[in-house]
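Novice: Fold the following for me, if possible:
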Amino acid sequence: MAMESTFKPNILKGKVALLTGGGSGIGFEISMQFGKHGASVAIMGRRKQVLDSAVSALRSLGIPAIGFEGDVRKQEDAKRVIESTYKHFGKIDILVNAAAGNFLVSAEDLSPKGFQTVMDIDSIGTFTMCHEALKYLKKGGQGRSSSGGGSILNISATLHYTASWYQIHVSAAKAAVDAVTRSLALEWGTDYDIRVNGIAPGPISDTPGMSKLDPQEMNSKARDYMPLYKIGDKWDIAMAALYLVSDAGKFVNGTTMVVDGGLWLSKPRHLSKEAVKQLSRAVEKRSRIQPVGVPTSKM
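Specialist: From the prediction side, this is the model:
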């Protein structure tokens, strides 16, 4: 069932957004919601068929959209796509870095090349896109008024907040993305009035990331491990993105918003509720006889 946005439909009116990885999964949902809320949308990806399909879907909704083939790991591609977006729409207000690489593999079976590939896409690719887009996003830059700068949104993860099985490469890459987000927020927020934030999604249904896991097993264990007992929707991430890049989030800078229903905080119970009650009663009973922590004799 489609969910309605709580934001005004013109919250991004007149804005131009460029999204890497915007042709599928979470990236496409963000592209669509940005367009539904008034933005013109450019999406960047490596697969022409996916791009063409996504652009067609966006245009069918009346959204001004265009797609550009490119690999975020290549500086020349990043520069070309950013310049092409500017030439097509006349400015760039928002950059969303959603392109990512991910696969499950144990650390001992992961080759250095495989590790580097994910680092190149997620962390180096994110910085490369930000670096090449700077002159278009900063206040007084090409296609922008001198009244303010643009906004950058980096899609991260929660894997590196503790540790995750078989995700050492992605954890390292997303930790770097979070560091890039904070550093650019400090430097470019101060110098150019550019806000730089991130979103760390949890398990999101109907995404390439979830298809590589075991959603049935996750659903069966949801009540034990997930505070809200459910997997999130792409819509949830898109709504967070709308908040962060719009004027609703105009004083938010340098934060990575966790959107996972509190999952990153959770851990298996080591005692049942009933066991805790029994333990509490026993402690309370003993305290009536001898208050806990009160010495029985004076020195």
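Novice: K139 against R195, yeah?
Specialist: No. Using C-beta atoms under 8 Å, K139 is not in contact with R195; the gap is 11.5 Å. Heads up, the C-betas are built off the backbone N, CA and C, glycines and all.
Novice: Mind listing the shared neighbours of the two?
Specialist: G149 (C-beta atoms under 8 Å, 6 or more residues apart in numbering).
Novice: more neighbours, these two?
Specialist: More crowded of K139 and R195, by other C-beta atoms under 10 Å: R195, with 25 against 15.
Novice: for the more buried one, phi and psi?
Specialist: Note on R195: its backbone torsions stand at phi -90, psi 130 [degrees, to the nearest 10].
Novice: just the strands in the protein please.
Specialist: In the chain, the segments counted as strands under DSSP state E are 16-20, 40-45, 65-69, 94-97, 151-155, 195-201, 256-259.
Novice: Buried residues of the third one, list them for me.
Specialist: Buried positions in strand 65-69, judged by neighbour count with 16 or more other C-beta atoms under 10 Å: A65, I66, G67, F68.
Novice: now that strand against strand 16-20, angle please.
Specialist: Per axes from the mean of the first three to the mean of the last three C-alpha atoms, to 10 degrees, the angle that strand 65-69 makes with strand 16-20 is 40 degrees.
Novice: for stretch 235-253, what is the average pLDDT?
Specialist: For stretch 235-253, mean pLDDT is 96.
Novice: Longest helix of this protein, counting residues only.
Specialist: For the chain, the helix with the greatest residue count under DSSP state H is helix 168-192.
Novice: before we move on, the earlier item: could you dump the strands of the chain to a markdown table with mean pLDDT and distance to D109?
Specialist: Output for these, formatted as a markdown table (pLDDT from 0 to 100; distance: least, C-beta to C-beta, whole Å):
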| stretch | mean pLDDT | distance to D109 |
| --- | --- | --- |
| strand 16-20 | 98 | 28 |
| strand 40-45 | 98 | 28 |
| strand 65-69 | 98 | 32 |
| strand 94-97 | 98 | 28 |
| strand 151-155 | 98 | 26 |
| strand 195-201 | 97 | 26 |
| strand 256-259 | 96 | 29 |
